[in-house]
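**Q** Predicted coordinates and the sequence they were generated for:
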Amino acid sequence: MKADSRLAEKIEGGDFIITAEYLPRPGADAGMVEKSAAALRQGVVAVNVADNHYGVAMSSLAASLILLKAGIEPIYQIVTRDRNRIALQSDLLGAAALGIRNVLCLSGYHQALICCPDSANVFDIDSIQLIAAVNDMAQKGVLMDGRKIEGPFSMLAGAAANPALRPFELNIMRIKKKARAGSRFLQTQAVFDVEGFNLWLDALRSEGVAQSSAILAGVMPLTGAAEARKLSSTFTDFSIPEDVIKRLESAGGEEAQRKEGIAICAETMGRLKALPGLRGIHIFSGGNEAVVPSLISAL
């Protein structure tokens with residue numbers, strides 16, 4: 001079944017796409033989600049809803065539905081860390097029944113990195129297998145065990161990518177596998193080295209991946225040098241050049257560094273937009289959704 005989301009239409013139409021991020025909080029108040037939605041309504045095609053990204057939070061499925069009711073198209077994130085294939089497919093069926101039409105398929109951070117070291121992980125399947133499963137559900141109408149799905153199932157599958165991952169050849173190979181599995185869009189981790197990112201993007205153009213899967217470059221407004229150093233030391237997804245950190249430090253105090261982080265992010269967005277083959281920008285807000293409108297205005 002052909003995906004019928006707004007994001008799918010923009011991809012098919014060749015438009016330059018802007019997506020943003022919403023990080024659910026550890027709470028049960030729908031008003032929290034609705035309040036954040038106000039900053040995500042203008043200029044954004046769709047909004048990623050993180051799946052227990054930094055620890056236990058409101059479920060991505062519930063928060064996606066709240067955003068959908070608020071008039072914002074969600075990209076439902078689902079990680080294989082916490083669910084086996086039974087639960088993954090069950091949640092996907094439920095999401096489709098609720099009108100959610102986009103999903104970002106992720107493996108998820110190891111639980112030791114998200115304040116939940118005592119919890120067990122699952123990883124029954126990986127993100128590539130999940131992408132393939134979503135596409136079989138949408139295109140063939142079947143579950144992983146071959147059983148037919150009752151009724152229509154429409155879902156656009158996407159994946160994440162880390163341009164800084166090395167070895168470079170294995171990085172490109174893994175991205176190609178995601179594209180072959182059926183990923184229609186790729187949202188990258190936050191980019192701070194535009195030259196290095198362009199080398200990665202050029203390789204994907206040469207391999208034909210940029211033509212088959214819309215690549216959206218991630219950007220993130222850092223709050224200061226301390227955050228930059230913490231992210232770099234904790235998560236392999238973040239590759240932040242030392243000159244960026246020094247620029248933040250030289251800006252001055254906490255508020256000055258925060259403003260400088262936004263300025264660096266806006267500059268990065270402008271440089272990325274000029275790269276041939278790039279289909280859009282994905283804004284990581286880090287839970288500060290209020291900064292998104294100013295970044296879109298700058299772009």
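**A** Yep, that arrived.

**Q** Secondary structure class of residue 77, three-state.
**A** The three-state label given to residue 77 by DSSP: H, G, I helix; E, B strand; the rest coil is strand.

**Q** burial of it, as a residue count?
**A** Counted by other C-beta atoms under 10 Å, the residues lying close to residue 77 total 26. Every residue, glycine included, has its C-beta placed from N, CA and C.

**Q** same thing with the one 3 residues further on?
**A** Using other C-beta under 10 Å as the criterion, residue 80 is surrounded by 24 other residues.

**Q** Any figure for the gap between it and residue 208?
**A** Residue 80 sits at a distance of 27 Å from residue 208 (criterion: C-beta to C-beta, to the nearest Å).

**Q** Then residue 152?
**A** 30 Å.

**Q** One more: residue 59?
**A** With C-beta to C-beta as the criterion, residue 59 and residue 208 are 36 Å apart.

**Q** quick one: which of these two has more around it?
**A** residue 59 (15 against 11).

**Q** contacting residues for that one?
**A** 24, 51, 52 (C-beta atoms under 8 Å, 6 or more residues apart in numbering).

**Q** quick one: which of those is nearest residue 96?
**A** Among the contacts of residue 59, residue 51 lies closest to residue 96 (C-beta to C-beta), at 16.4 Å.

**Q** Mind telling me what element that closest one is part of?
**A** Of the helices and strands defined by DSSP states H and E, none includes residue 51.

**Q** wait, residue 215 sits on residue 278?
**A** Yes. The criterion here is C-beta atoms under 8 Å, and residue 215 meets it with residue 278 at 5.9 Å.

**Q** what about residue 297, which helix or strand?
**A** Going by DSSP H and E, residue 297 is in helix 292-298.

**Q** just so I have it, where are all the helices in the stretch 51-200 of the chain?
**A** 60-69, 85-97, 127-135, 168-181, 194-206 (DSSP state H, counting those that start in this stretch).

**Q** which outside residues touch the first one?
**A** Spelled out, that is helix 60-69. 22, 24, 30, 33-34, 37, 40, 47, 49-52, 73-78, 91, 94-95, 98-100.

**Q** repeat for the shortest one
**A** With C-beta under 8 Å, 6+ apart as the contact definition, helix 127-135 has outside contacts at 78, 80, 85, 88-89, 92, 103, 105-107, 125, 143-144, 155, 157, 159-160, 174, 177-178, 181-183.

**Q** pLDDT at the residue nearest the centre of the chain, what is it?
**A** By C-alpha atoms, centre = their mean, the chain has its centre lying nearest to residue 187, at 5.2 Å. We note a pLDDT of 98 for residue 187 in this prediction.

**Q** do residue 110 as well
**A** 68.

**Q** next one: residue 116
**A** For residue 116, the predicted pLDDT is 74.

**Q** my guess is residue 219 contacts residue 280, does it?
**A** No. Taking contacts as C-beta under 8 Å, residue 219 lies outside contact range of residue 280: 10.8 Å.
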